[in-house]
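# What follows is a predicted protein model with its sequence.
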Amino acid sequence: MPSDTASDKLLVSVHFYDPSDYCIGTVNSWGRQQEYQKVNDTLAKMAAFTEKGIGVVIGEYGPQNHDAELTLKKEAIPAYIKNLLNNCDYYGYCPVLWDANYEFDKDSAKARFTETAEIFKAHSRDIQAAMTDEEIKEAAKKEMDADLAAAPSARVIPDDKAFSWLMYASSDWGKMYSVGDNFDENSVSAGVTATTVDVTGEAEYTVGLDFTNSSDGCAKDLGFAAVGIMHGEQLFPNYSVLIENITINGENVELTGTPYTCSDDGKCTRVNISNPYIKEKDYPEGHSPVIVDTTKIKDVKTISVTYKFVNSDEGRIKASDKPEPSEPTEPTDTKSNAWLMYANNDWSVTAGTTSDFTAVSNKGGIKSSYADIDGEGWYTVSLDFTGTAAAKTSDLNLLELVVGKSDNFADYKIVPKKVLVNGKEITLTGAPVTGIEDGAFRLYLNNPWGADSLKLLSADDFKDVETFTVEFLFSKNGEELPKDEEPETPVEPEKPSDPEKPAEPEKPAEPSKPSEPSRGSDNNSSSGTSENHSSGKTSEPSNTNKEETTETPVNPEPTKSEQNTTTPVTTTTTSAIDTKDNDTPVSSTEDNSSTVKDTDSKTSSATTGKSGALKRSSWVTIKNKRYYVNKNGVVTKIKVLKKSSSKK
């Protein structure tokens, strides 16, 4: 909660429509023990506020009937309202009913239904005025416990029974019936009736649905449908479902694809009739997860599916049927971006709260440093809070590291290497978890809606934060980059020195050490803007060359003197690189010139310092080739560049 200069004035206001498929959706029923318990458990969580003297207002609640004629009254609306009001009395919440002229007739200013009118009266101030707070709580708890105990249990399919039904959803999910591998009779649109069956072995079975008593009297179309047999895999392993016929509105429907038997969870046997969510690579050749022409199916009043259940693997996906995994290929587009997503508790200060980099924006004075992603490498992203009203923050709500375009990076992972607050490294409280949401990688640093495993920052560490920085590795399967394959660090060309002025001799450098991997800018602020779109990784010098995917490795063993050298890097023994147009690299040899030479034996200033010294642990470019020089000054890798044509 935010701090307030006035005492005892803060309130929390929420809207409560749980479960949503019943309260604001098309599911007709509510009232089993599991459903009571779920509502009670959720409402109990807000007692954390009232126990601290912070009031809770439920600004909207109530099952919506969605029937202007009031002919389709949802089941258990009075029971739902009574249970919610008892929770409010017990915990001290203030409930406000949302009603669209259903419970109350606005023209007459009267309640429409006697049962709910009596419930509201029993919880009114007039009735409770003579009761103490403790008496009100005691009465509420007594009714809550009694209603929970009296509620029927949800239907449970025992493990030794196989049960078959037709999963269904229209394309807008306005009509549905128990979609999923576990049968749920409560996940059903109002007014829909079903034909289900117990499966006992080899036989012919029929499952179906009737929408004529639902709103509109039909489902608008066929979006998803599948035959399901709960516990089919355990009780009848290797059995197959063979579709005999499908009828819609009493007429046979032509099959346009070949069905197949499968299981998503290893428990429920299923055959898809229309499942547009399955990708082609996930079903066997010659079969289809969509076996009817859904474009011709409209206004479904009834649907039935008759099938044979046989002890045979005919038409069943087996391991040998599944497509062979293709050889991994490099993504054609390795360009993306990385950024930090942040929001404080009241969302007055936010940064990058989207999975689409083109829509990234900041609010409340926060500044961001992004990273340009170009394949595997080390990158840096950061946030700067010094431009916010308080010039710092301890308000930790949402904080995640995002890398966009996850489809471009199969099997890649984000591995955080350093997390810094105000430039000081901190330790995460648990193992980092990476997920994919809306087409973007997410490294969860603090996800307020997730499990504790998605909250990795302690309040002690995230305190008075002026800058927050994450240095991370982005690579296939999160593997470390081998030392000689660390991120490329191209050297920017230097301006030619004045020929009339001799170069000043450099001071001897410290003995050469392996260089750190190239990281992005650690700048946590930007001048005059709310964003700093630094690359996060050093960019290549601008040229018209494109690298081919093949590389020519060179692995000469460094000499003993190279391994133990204490010579300054500006005069160390290095490899001379010949850039003649051939594919055979020049072997590494001892040469004290400390330069890279082209075919005209001229020193290339694009790859050397002022004194001509070769940069170590880096990539250098000369003409149509790029060379990687390791920490010992030895060429270990060559890439041949291909000139690309450009239009003027």
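Structure's in. What do you need?
# What are the boundaries of the strands in the stretch 151-300 of the chain?
162-169, 176-177, 193-195, 197-199, 203-210, 219-221, 224-230, 240-248, 251-252, 261-262, 269-274, 298-300 (DSSP state E, counting those that start in this stretch).
# what does the stretch 401-550 of the chain give?
Under DSSP E, counting those that start in this stretch, the stretch 401-550 of the chain gives strands at 412-421, 424-426, 434-437, 440-446, 467-476, 531-532, 545-553.
# Ranked by average pLDDT, which of those falls at the bottom?
Ranked by mean pLDDT, the strands of the stretch 401-550 of the chain bottom out at strand 545-553, with a mean of 41.
# This protein - how does it break down into domains?
11-150, 162-310, 335-481, 543-648 (automatic domain parsing).
# that older thread, save the strands of the stretch 401-550 of the chain as a markdown table, and put in mean neighbour count and distance to Lys455 too.
All C-beta spots, glycine's among them, are computed from the backbone N, C-alpha and C. Output for the strands of the stretch 401-550 of the chain, formatted as a markdown table (neighbours: other Cβ atoms under 10 Å; distance: least, Cβ to Cβ, whole Å):
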| stretch | mean neighbour count | distance to Lys455 |
| --- | --- | --- |
| strand 412-421 | 17 | 14 |
| strand 424-426 | 12 | 14 |
| strand 434-437 | 14 | 14 |
| strand 440-446 | 22 | 5 |
| strand 467-476 | 22 | 15 |
| strand 531-532 | 17 | 27 |
| strand 545-553 | 11 | 41 |
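# right, and these - which one's nearest Tyr370?
strand 531-532 (7.4 Å; Cβ to Cβ).
# Thought Met167 was touching Gly180, still the case?
Yes - at 7.1 Å, Gly180 counts as touching Met167 under the criterion of Cβ atoms under 8 Å.
# Specify which residue of these two has the higher count of neighbours.
Met167 (24 against 13; other Cβ atoms under 10 Å).
# who's in contact with that one?
Contacts for Met167 (Cβ atoms under 8 Å, 6 or more residues apart in numbering) come out as Tyr177, Ser178, Val179, Gly180, Phe224, Ala225, Ala226, Val227, Gly228, Arg270.
# which among those gets closest to Ser189?
The closest of these, once distances to Ser189 are taken by Cβ to Cβ, is Tyr177, at 6.9 Å.
# List the beta-bridge partners for that closest one.
Tyr168, Val188 (DSSP bridges).
# What residues does it make contact with?
Counting by Cβ under 8 Å, 6+ apart, Tyr177 has contacts Trp165, Leu166, Met167, Tyr168, Ala169, Ser187, Val188, Ser189, Val192, Ala194, Leu209.
# Take the residues you listed and write them to JSON lines, including distance to Asn345 and pLDDT.
Converted to JSON lines, the contacts of Tyr177 look like this (distance: Cβ to Cβ, whole Å; pLDDT from 0 to 100):
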{"residue": "Trp165", "distance to Asn345": "44", "pLDDT": "96"}
{"residue": "Leu166", "distance to Asn345": "45", "pLDDT": "96"}
{"residue": "Met167", "distance to Asn345": "40", "pLDDT": "96"}
{"residue": "Tyr168", "distance to Asn345": "41", "pLDDT": "95"}
{"residue": "Ala169", "distance to Asn345": "36", "pLDDT": "91"}
{"residue": "Ser187", "distance to Asn345": "33", "pLDDT": "78"}
{"residue": "Val188", "distance to Asn345": "38", "pLDDT": "82"}
{"residue": "Ser189", "distance to Asn345": "37", "pLDDT": "81"}
{"residue": "Val192", "distance to Asn345": "41", "pLDDT": "88"}
{"residue": "Ala194", "distance to Asn345": "45", "pLDDT": "93"}
{"residue": "Leu209", "distance to Asn345": "45", "pLDDT": "96"}
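# So among these, which ones count as buried?
Neighbour counting by 16 or more other Cβ atoms under 10 Å classes Trp165, Leu166, Met167, Tyr168, Ala169, Ser187, Val188, Ser189, Val192, Leu209 among the contacts of Tyr177 as buried.
# I'd guessed the second one sits against Ile229; true?
No - if you go by Cβ under 8 Å, Leu166 and Ile229 don't touch, sitting 11.0 Å apart.
# Of the contacts of Tyr177, which is the nearest to Glu135?
With Cβ to Cβ as the yardstick, the closest approach to Glu135 among the contacts of Tyr177 comes from Ser187, at 39.0 Å.
# how much space between the closest residue to that closest one other than its chain neighbours and Leu340?
Distances taken as Cβ to Cβ, 6 or more residues apart in numbering place Ser178 nearest to Ser187, at 5.1 Å, with adjacent residues excluded. Remark: distance between Ser178 and Leu340 (Cβ to Cβ, to the nearest Å) = 41 Å.
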